Structure formats: structure tokens, C-alpha cells
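Enquirer: whatever this is, show me its structure:
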Amino acid sequence: MASVKLILRIDKVNKNNESPLWIRITKNSKSRYVSLGKSVKVDDWDEKNKSVKKSHPNSARFNKFLASKIADAHDTALDLETNDKYVNTRKIKDDIMGISSVNFFEYIKRYRADLVSEKKYGTIDKLDSVTQKMEKYLTKPVLGLDEITVNWLKTYETHLRDKLNNSVNTIHSNLKVIRRIINE
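Expert: Numbering: from 1, shown residues only. Next comes the predicted model:
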């Protein structure tokens, strides 16, 4: 389960003697930070309650804004963890910021179109073969580039060897194509 906390970055004081407010997302001992675009003086910050003190002008409105942002971040993290098998802090941060992950298969289509225009038919055949194997392996038609991790690749390699009875050279060739796409 990911934790979401409001952080006052006192290490980043600006020229008005204000520190920026960030949301820290932590999962599996890895953290990501999302800037809220707001700053507050350290004297106006209540660290215990993670809110702005009443001494700050518009403190009620400011605290309502902070509560809203934290609630949105919690909701996003919970939704992603409920619906996706693989969730990391980068994916949660990107979703909070409205950045969508690149779909591996969509990128393959664009890459394949470039190969067609360059008339690299041998490479196209190999790419098509790897793509078909991956599509049959996956339970969903969408695979984000951020989901392809070392563990995912090892599991896929085991699938190629044990279920499809691919040889070592075929497995290496398949993983080489995947690496090429990721490096692109």
C-alpha cells in the first residue's frame, strides 16, 4: 500500500523566505515527490497537523486546498493499486500529474511503420513474431513501458522456455527485440 504525505521542503527556501509544499508518495521504500506549486513560511506551518496555522492569511482556504490535493492523491493511489497488478511510485505520480504511460504495443505499431517505410522486411517479420507471442502471453491488451521490469522479463523468459519450448537462441532473439523497442 502506498503512503501519501504532505511535506514542507524547508531545504528549498525561496527569496520570500517561503518553503514549497510537496506531496510525497512512498511505496516499497521508494519515494516520489509532486510539487503543489504553493509555498508557505515556516512560521505559518503546523508540522504536527500538516496544515497552515491561523496566522497565515486565508488559512482556511489554503488548508481546504491542501486537504483536497491529499485526498485526490490518496484516491489515485488506491484506484491504481486496486485495478493494476503492477503499481510503482512513478506510475502513481504520473497519474496524479495527468501524464499517461506509453503503451508498448502502440509504440511497436509506430516502430513497425518506420520499418515498413525503410523496407526492412526481415526485421518486420521478427517484430511481428515477438509481438504475437507477447499479446498471447498477456491477459490484457495494454502493456505500459513502465511495467516491463526485470521481474516481468524473467517471468516472460520462463514462459517462452517452459510453455512455448523456445530454444535459448530464440529466447535471446525475442528479448533482444524487446530491448531494442525499449531503447528506442
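Enquirer: C-alpha only now, for contacts and for neighbours.
Expert: Will do.
Enquirer: what is the mean pLDDT for the longest helix along the chain?
Expert: Taking DSSP state H as the criterion, the chain has its longest helix at helix 59-83. Averaged over helix 59-83, pLDDT sits at 84.
Enquirer: run through who's touching stretch 111-120.
Expert: When contacts are defined by Cα atoms under 8 Å, 6 or more residues apart in numbering, stretch 111-120 is touched by residues Tyr121, Thr123, Ile124, Leu127, Ile181.
Enquirer: assign the residue of the chain most remote from its centre to helix, strand or coil.
Expert: Relative to the C-alpha centroid of the chain, counting by Cα atoms, centre = their mean, Ser55 is the outermost residue, at 37.9 Å. Three-state call for Ser55 (DSSP: H, G, I helix; E, B strand; the rest coil): coil.
Enquirer: phi and psi next, for it.
Expert: Dihedral pair for Ser55: phi -70, psi -20, per degrees, to the nearest 10.
Enquirer: contacts only, for it.
Expert: Asp44.
Enquirer: pull out the buried residues from the lengthiest strand in the chain.
Expert: Looking across the chain with DSSP state E, the single longest strand is strand 30-41. For strand 30-41, the neighbour count (16 or more other Cα atoms under 10 Å) marks Ser31, Arg32, Tyr33, Val34, Ser39, Val40, Lys41 as buried.
Enquirer: likewise stretch 148-157?
Expert: The neighbour-count check on stretch 148-157 (16+ other Cα under 10 Å) flags Tyr156, Glu157 as buried.
Enquirer: now it: average pLDDT?
Expert: Computed over stretch 148-157, the mean pLDDT rounds to 87.
Enquirer: do the same with stretch 121-133
Expert: 90.
Enquirer: got a list of contacts for that stretch?
Expert: Here stretch 121-133 makes contact (Cα under 8 Å, 6+ apart) with Phe105, Arg112, Leu115, Val116, Asn174, Val177.
Enquirer: do that again at 7 Å, thanks
Expert: The contact list for stretch 121-133, computed with Cα atoms under 7 Å, 6 or more residues apart in numbering, reads Arg112, Leu115, Asn174, Val177.
Enquirer: most neighbours, which of those?
Expert: The most crowded member of those is Asn174, carrying 21 neighbours; neighbours defined as other Cα atoms under 10 Å.
Enquirer: okay, and that residue sits in which element?
Expert: If you go by DSSP states H and E, Asn174 is part of helix 168-183.
Enquirer: and what about Ile92, helix, strand or coil?
Expert: Assignment for Ile92 (three-state DSSP): helix.
Enquirer: just to revisit the earlier point, now, which of the contacts of stretch 111-120 sits nearest Val13?
Expert: Val13 has its nearest neighbour among the contacts of stretch 111-120 in Ile181, at 41.6 Å by Cα to Cα.
Enquirer: show me the contacts for Ala73.
Expert: The neighbours of Ala73, taking Cα under 7 Å, 6+ apart as the test, are Val4, Ile96.
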